[in-house]
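S.K.: Pasting a predicted model and its sequence here:
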Amino acid sequence: MDQEMTKSFITSFRQAPKEERILLLSAEVEESPSAMGNIISILAARDIDTDVFVSVLTEIHEKQPNNLPALYALILHNIRDGNCQKAREMLLECIKLWPSKFDAYKQILRLDIVEPTISIGNFLKLARPVLEDPLVAGSYRYQLALAHLDVDAEDRRRFALREMDIGVADAFRSSLEADSAISAGSCQNFWDIFAPILKAKRIALIGNGPSLLGQGRGAEIDGHDLVVRFNFPHISDFAVDVGRRTDLVMVNESILGSLPSLVEREAGFHSCGILSAHPDSIKIDGIDNFEESLGVKVGRLPSGFRKFIRRISYGSPTTGFMAVILFGIMLKKELSIYGFDFFNNTRNPHYFKRVDNVFLGHELSYEKFFVRTFLVDFLRGMPVHFYC
């Protein structure tokens, strides 16, 4: 199902009365058992009626145990609600029904990274049906490195660091090769934008979480060598807390179509670099014309960087998490992290406005573990400062 059809379905679901929502959702799951797009999108939009969502899917799952969309959506719902034990039980049920569904094994491993309960030996035995495929096994490389292996903490740390360093070297090596997914102009823009990043020692990553408010850290933020913001936030009215400087804006490529209006949001956005980031290389019409028409330079992450980030992040990272991997893991910069709230408040996830349609399709518990625990415990010696 394409993006427009999914968007239309979500709109219909939101606008429908409760009893009609039940019918809409039931029909979608029962009539399209192989299509996950709409179900995952509903799950991700936490402003909708969660009780209806869960009750309908639970009823469908009880009537149709083999209905994959219903079962897998319930699994993801439990994961994002922090009910790891229930999610693990349902994942094991999923694996019994579909032994070749490799995403289920990866979710079990992800749960073990965040909340360890099984040994790596047991996991490898459980996941043997999919890990025999070299391509699938390769996609698990970094999660296996992060998992709680049956070795002491220091050995685990060295193993994880070695795997990360090999991956970073591969990413940089491949980025120097011709990239068919990115135009020559966009590629050159990336390296032009990248040059001052390499020179910076202290980098401030400014998330959009409401924990920024009331802290009065604006001047402190502006004192860094490089200030990075995400998806063109409002700044001027909140400068005492969020600062005034913007040297780089990292954006999700899906919003580039609105770039002409977004760069007008703050005066400083016309003079900063814009780095387009998405775990996949998607087609963006007109990206090479932005410099001429708007006076802004837009670069895109090379495919090698994207591949490395996608594998670490379970494929659907927030833009902020992509920045943590890029600046922290790949470039090993000293980071000051502000406003990374991991959508703790889904009704008011941003400090500058209320958002009615919050996409929570990201692996937030995993991102929080990675940023709060892995960076600190495993990457000792790399200064990371949290102000959120």
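M.R.: Perfect, I can see it now. Numbering: from 1, shown residues only.
S.K.: Distance check, F159 against L146.
M.R.: 10 Å (Cβ to Cβ, to the nearest Å). C-betas here are computed from N, CA, C, even on glycine.
S.K.: So between these two, which is more surrounded?
M.R.: L146 (25 against 17; other Cβ atoms under 10 Å).
S.K.: give the contact list for that one.
M.R.: L146 is in contact with I113, A160, F370, F374, counting by Cβ atoms under 8 Å, 6 or more residues apart in numbering.
S.K.: Now A160. Nearest residue, chain neighbours left out?
M.R.: With Cβ to Cβ, 6 or more residues apart in numbering as the criterion, A160 has its nearest non-adjacent residue at 4.4 Å, and that residue is A145.
S.K.: Next: G207.
M.R.: In space, G207 comes closest to G339 once its chain neighbours are excluded; the distance is 3.5 Å by Cβ to Cβ, 6+ apart.
S.K.: Surely that neighbour touches N208?
M.R.: Yes: with contacts counted by Cβ atoms under 8 Å, G339 reaches N208, the gap being 5.9 Å.
S.K.: Helices of the stretch 251-388 of the chain, start to end?
M.R.: Using DSSP state H, counting those that start in this stretch, the helices of the stretch 251-388 of the chain run over residues 259-262, 290-294, 303-313, 319-323, 364-369.
S.K.: Out of the ones you listed, the one nearest Q215 is which?
M.R.: Among those, the nearest to Q215 by Cβ to Cβ is helix 319-323 (17.5 Å).
S.K.: And the contacts of that closest one?
M.R.: Contacts of helix 319-323 with the rest of the structure, by Cβ under 8 Å, 6+ apart, involve 205, 207, 228, 230-231, 250-252, 277, 279, 301, 309, 313, 340, 362, 367, 370-371.
S.K.: likewise stretch 332-345?
M.R.: Outside stretch 332-345, the residues that touch it by Cβ under 8 Å, 6+ apart are 200-212, 217, 221, 224, 242, 320, 324, 327-328, 349, 351, 358, 360, 362, 364, 367-368, 371, 375, 382-388.
S.K.: list the buried ones in it?
M.R.: Neighbour counts over stretch 332-345 (16 or more other Cβ atoms under 10 Å) mark K333, E334, L335, S336, I337, Y338, G339, F340, D341, F342, F343 as buried.
S.K.: Just send the helices of the stretch 251-388 of the chain back as JSON lines, with mean pLDDT and distance to E154 too.
M.R.: Putting these into JSON lines (pLDDT from 0 to 100; distance: least, Cβ to Cβ, whole Å) gives the following:
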{"stretch": "helix 259-262", "mean pLDDT": "85", "distance to E154": "46"}
{"stretch": "helix 290-294", "mean pLDDT": "59", "distance to E154": "48"}
{"stretch": "helix 303-313", "mean pLDDT": "85", "distance to E154": "21"}
{"stretch": "helix 319-323", "mean pLDDT": "93", "distance to E154": "26"}
{"stretch": "helix 364-369", "mean pLDDT": "82", "distance to E154": "19"}
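S.K.: Need the residues touching each of G339 and N208.
M.R.: Shared contacts of G339 and N208 (Cβ under 8 Å, 6+ apart): Y351.
S.K.: quick one on the thing from earlier: out of the helices of the stretch 251-388 of the chain, which comes closest to I193?
M.R.: For the helices of the stretch 251-388 of the chain, the distance to I193 is smallest for helix 290-294, at 11.4 Å, taking Cβ to Cβ.
S.K.: okay, now the domains of this protein?
M.R.: 3-146, 173-387 (automatic domain parsing).
S.K.: Lowest average confidence across those domains, which one?
M.R.: The weakest mean pLDDT among the domains of the chain belongs to domain 3-146, with a mean of 73.
S.K.: Deepest in the core, which of the helices of the stretch 251-388 of the chain is it.
M.R.: Ranked by mean neighbour count, the helices of the stretch 251-388 of the chain are led by helix 319-323 with a mean of 25 (mean count of other Cβ atoms under 10 Å).
S.K.: just the CA coordinates of it, formatted as CSV?
M.R.: C-alpha atoms of helix 319-323 as CSV (Å, rounded to 0.1, in the frame of the first residue of the first chain):
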residue,chain,number,x,y,z
THR,A,319,16.9,12.1,13.1
GLY,A,320,18.4,12.8,16.5
PHE,A,321,19.6,9.2,16.9
MET,A,322,21.2,9.3,13.4
ALA,A,323,23.1,12.4,14.6
